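A.B. asks: Quick one, what's the 3D model for this:
(one chain, ligands or ions: 1)
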Amino acid sequence: MSELREKYGVIVGTTDNTPKDASTVSGDAGKNRIQTGGEHGESITSYQRLFGGDGSDTFNLRAKDFSAETANTTTKYIADFYGAAGTGPDKWNQTSNDFIQFTGFEKGAHLSGVIRSVEGTVPDSTTDVIYQYHILGAENQVLGTFNVQSINGKTLGQGDYAFY
Ligand SMILES: [Ca+2]
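C.D. replies: Below you'll find the model as predicted:
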C-alpha cells in the first residue's frame, strides 16, 4: 500500500491500482517526493507507475530499480509530469513544476533524447504526450527505459532532472 508517508516524506511502496498488474506509487495534491522500489527501500525492477498529482513533485528513479535484463523495456512510467522545460509561461508554474532525480547510476550516466513519442491520453488535455527515454551509461549503453507523460506536451529539458 502506497502511503503519503509522514505527510510528504518519501512516498514508496506498491499498490495494485490500474493499469492492471502495474505497481502504482501515488502522491496527492501537495508537493510529494515519489520513489521507485518497494515500501522498505527494496529493489523492484518490474513495472511501476509513478503518479504525482498536483503540486511540485520529485520523482526519484533509482538505479537498483532497473535491471540489465529489461533495460530496453519500459519499466517505469511517470504518469503526470508537469512543467517540462521550454520557454515561456509553461516553463515555470509555481504550483506544478515537477523534477526527476536519478540516483545510484554510474558516473557519466545521462539521459537520451526522446526514443519514441505517443499522443497522450489525458481526456481534458490537448497537449499531453507520452515520451520514452533511455537512461544511458558513460559508454552510451542502455541502463534503463522509462516513459514520461508530459502534461504540457514538452520534452524534458535542463532543470527538469539531474543525476546524483
Ligand atoms: Ca503531488
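A.B. asks: Please identify the helix or strand for residue 135.
C.D. replies: strand 129-136 (DSSP states H and E).
A.B. asks: Give me the mean pLDDT for that strand.
C.D. replies: Across strand 129-136, the average pLDDT comes to 94.
A.B. asks: show me where pLDDT drops low in the chain?
C.D. replies: 1-23, 86-96, 120-125 (pLDDT under 70).
A.B. asks: Could you show which parts of it are in contact with the ion?
C.D. replies: Within the chain, the positions lying close to the ion (Cβ under 5 Å from the ion) are 27, 32, 52-53, 55, 57. Yep, even glycine has a C-beta here, placed from its N, CA and C like the rest.
A.B. asks: what's near enough to touch the residue positioned nearest the centre of the chain?
C.D. replies: Computing the C-alpha centroid of the chain and ranking residues by Cα atoms, centre = their mean puts residue 78 first, at 3.5 Å. Residues in contact with residue 78 (Cβ atoms under 8 Å, 6 or more residues apart in numbering) are 50, 52, 59, 98, 100, 146-149.
A.B. asks: again, 6 Å this time
C.D. replies: 50, 59, 148 (Cβ atoms under 6 Å, 6 or more residues apart in numbering).
A.B. asks: you'd agree it is in a strand?
C.D. replies: Yes. Using DSSP: H, G, I helix; E, B strand; the rest coil, the assignment for residue 78 is a strand.
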